[in-house]
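Undergrad: Curious how this folds, go ahead:
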Amino acid sequence: MESEKDAEPANTSLAGFDVIDEIKSVLEHDCPATVSCADILALASRDAVALLGGPRWSVPLGRMDSRQASKAAAEDANNLPNPNSDLGELLRVFETHGLDARDFTALSGAHTVGKAHSCDNYRDRVYGDHNIDPSFAALRRRSCEQGRGEAPFDEQTPMRFDNKYYQDLLHRRGLLTSDQELYTHGGEVTSELVELYAKSRKAFFADFARAMVKMGEIRPPEWIPVEVRLNCGMVNN
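TA: I've put the predicted structure just below:
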């Protein structure tokens with residue numbers, strides 16, 4: 001089936017599924033049909049954050065894997081925000097899943113690592129957004145024009161989990177429109193949280209860990225059939 005792994009623009013550049021498959025293979029050998037792919041992803045995410053210098057948290061286990069994986073649903077902006085979403089759209093998507101503005105602002109801090117793989121993800125921002133540092137916009141435009149579309153979300157420490165992402169936002173150097181929207185509207189709770197997280201890595205880490213646990217408690221709708229997949233790339237027969 002076409003999967004959300006194939007969804008544009010957010011998911012097609014994701015990598016590392018071979019690592020998840022390797023973990024799953026070992027678990028199926030030692031403890032068959034017991035640990036879901038969803039739990040493996042949750043644990044691997046926590047450990048990856050910790051290895052990059054970020055916080056750790058207790059991961060509630062017991063998730064099941066869906067027997068459905070909709071590419072169309074993942075491309076629907078009502079389910080997964082796109083890089084050009086404004087603040088209102090972003091907050092509505094998260095609220096739909098029971099996550100508030102604090103959760104959203106903290107979870108956005110995951111962009112302290114990683115990168116955009118294409119200029120298409122940030123073209124509108126660097127060519128048309130006025131809420132951007134001019135030198136940063138010029139730098140990213142040169143990248144686009146030279147065919148080097150890959151760009152880090154956090155230009156200071158792109159391979160370390162820290163609070164530099166929020167410091168970039170204070171200086172209008174957020175890469176995506178959906179990043180900078182956190183610190184666009186004066187008086188918004190998200191702007192206040194950006195200022196807090198930029199100053200206090202401890203506050204960011206605490207809220208990020210709490211929000212990850214909260215997000216991990218989201219379950220599929222009752223009408224979606226679930227199982228423990230034996231292979232993370234396909235449903236069981």
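Undergrad: CA atoms for contacts and neighbours, from now on please.
TA: Noted.
Undergrad: so where is this protein shaky, pLDDT-wise?
TA: 1, 9-10, 77-78, 185-187 (pLDDT under 70).
Undergrad: can you count the residues close to F208?
TA: 25 (other CA atoms under 10 Å).
Undergrad: ok, now L41?
TA: 14.
Undergrad: I would like the residues contacting whichever helix or strand it is part of, please.
TA: Element membership for L41 (DSSP states H and E) is helix 37-51. Contacting residues not belonging to helix 37-51 are listed as 20, 23-24, 55-57, 59, 61-65, 161, 216, 228-229, 232 [CA atoms under 8 Å, 6 or more residues apart in numbering].
Undergrad: how about that helix: buried residues?
TA: Residues of helix 37-51 classed as buried: C37, A38, D39, I40, A42, L43, R46, D47, V49 (neighbour count, 16 or more other CA atoms under 10 Å).
Undergrad: elements contacting the helix or strand just after it?
TA: Using DSSP H and E, the next helix or strand after helix 37-51 towards the C-terminus is strand 65-66. Packed against strand 65-66, as judged by 3 or more CA pairs under 8 Å, 6 or more residues apart in numbering; DSSP states H and E, are the following elements: strand 226-227.
Undergrad: Quick one: distance of the strand it packs on to the chain centre.
TA: Relative to the centre of its chain, strand 226-227 is centred 24 Å away, using CA atoms, centre = their mean, to the nearest Å.
Undergrad: Stretch 189-200 now?
TA: Centroid separation for stretch 189-200 versus its chain: 18 Å, with CA atoms, centre = their mean.
Undergrad: And that stretch, what's buried?
TA: Applying 16+ other CA under 10 Å to stretch 189-200 flags T190, S191, E192, L193, V194, L196, Y197, A198 as buried.
Undergrad: What is the burial count for T96?
TA: Neighbours of T96 under the rule other CA under 10 Å: 11.
Undergrad: ditto for the one 5 residues further on
TA: Using other CA under 10 Å, A101 has 19 other residues around it.
Undergrad: residue ranges of the helices in this protein, please?
TA: 17-30, 37-51, 71-75, 87-96, 101-108, 123-128, 134-145, 164-170, 177-180, 189-199, 201-216 (DSSP state H).
Undergrad: Out of those helices, which gets nearest to D154?
TA: helix 164-170 (5.1 Å; CA to CA).
Undergrad: Please identify the buried residues of the closest one?
TA: Applying 16+ other CA under 10 Å to helix 164-170 flags K164, Y165, Y166, Q167, D168, L169, L170 as buried.
Undergrad: and V59, what is it in contact with?
TA: With CA under 8 Å, 6+ apart, V59 has these contacts: A42, L43, R46, V213, G216.
Undergrad: JSON lines for those residues, including distance to D103?
TA: JSON lines is the format used below for the contacts of V59 (distance: CA to CA, whole Å):
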{"residue": "A42", "distance to D103": "17"}
{"residue": "L43", "distance to D103": "19"}
{"residue": "R46", "distance to D103": "16"}
{"residue": "V213", "distance to D103": "10"}
{"residue": "G216", "distance to D103": "12"}
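Undergrad: Of the residues you listed, which is the nearest to L90?
TA: The shortest approach to L90 among the contacts of V59 belongs to G216, at 18.6 Å (CA to CA).
Undergrad: Just give me the neighbour total for that closest one.
TA: Neighbours of G216 under the rule other CA under 10 Å: 16.
Undergrad: and what of T12?
TA: Using other CA under 10 Å: T12 sits among 12 other residues.
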